[in-house]
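Undergrad: have a look at this fold, sequence not included:
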């Protein structure tokens, strides 16, 4: 038996969940900008209370490790590590894009196409990867600038479902009858449950002291223009 606290803060969604043996039993989330720092610990306390759990009852803590928002990932990972240190529980890191794809596949019964989760980076750039219906990686995680030539080869013979907050801005560039776009939110801690349980059973734990988010790109600070 495995009871896991799950945290997702890689995008504008702030999400916390409790899973039992791979099934979500409590969830609290809100999709809004700049709420993670003030809301995450409150969401965690709420799902713990709803599940009737104390921190000592947890078997592990899982966190969405990226790619995604630099600030959001820092908040999520630092919170997860703090809980792990405090109650001496193992830490599980979950690839954010894989988690999104797993969430989509859970809603698409008998789906035989590819799934392409996209996290909005800036302008026409996205953090993305490509998976088949078995969650096998077809194209690795990358930062990709989307244009009319993107995924031409893959779309020739297969349907691709583009999901995530980066997908909808690409629907005017990716023009194919095999391309489908979803505005549903797949950045949810609930979509982590199966992956976290599988990792727990493999004893696939992170080194809590040295674990860092997977940013994919360096954080860039834009300086304000000097006022005259």
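TA: Structure's in. What do you need? Predicted, not measured: the structure shown is a model, and the values here were computed from it.

Undergrad: against residue 149, how distant is the residue nearest the centre of the chain?
TA: Residue closest to the mean C-alpha point of the chain, counted by CA atoms, centre = their mean, is residue 96 at 2.9 Å. Separation of residue 96 from residue 149 (CB to CB, to the nearest Å) stands at 26 Å. Any C-beta I mention is one placed from the backbone N, CA and C, and that applies to glycine too.

Undergrad: next: residue 199.
TA: 36 Å.

Undergrad: who's more crowded, those two?
TA: Remark: of residue 199 and residue 149, residue 199 carries more neighbours, 21 against 9, as counted by other CB atoms under 10 Å.

Undergrad: wait, the more buried one touches residue 90, no?
TA: No: applying CB atoms under 8 Å, one finds residue 199 not in contact with residue 90, separated by 9.6 Å.

Undergrad: what is in contact with those two at once?
TA: residue 205 (CB atoms under 8 Å, 6 or more residues apart in numbering).

Undergrad: do you know the pLDDT at the closest residue to residue 216 other than its chain neighbours?
TA: Spatially, and ignoring its direct neighbours in sequence, residue 216 is nearest to residue 67 (3.8 Å; CB to CB, 6 or more residues apart in numbering). What the model reports as pLDDT for residue 67 is 97.

Undergrad: tell me if I am right that residue 154 is in a helix.
TA: Yes: with DSSP: H, G, I helix; E, B strand; the rest coil as the criterion, residue 154 is assigned to a helix.

Undergrad: how far is the host helix or strand of residue 38 from where the chain is centred?
TA: Element membership for residue 38 (DSSP states H and E) is helix 36-50. Relative to the chain's own centre, helix 36-50 is displaced by 18 Å; criterion: CA atoms, centre = their mean, to the nearest Å.
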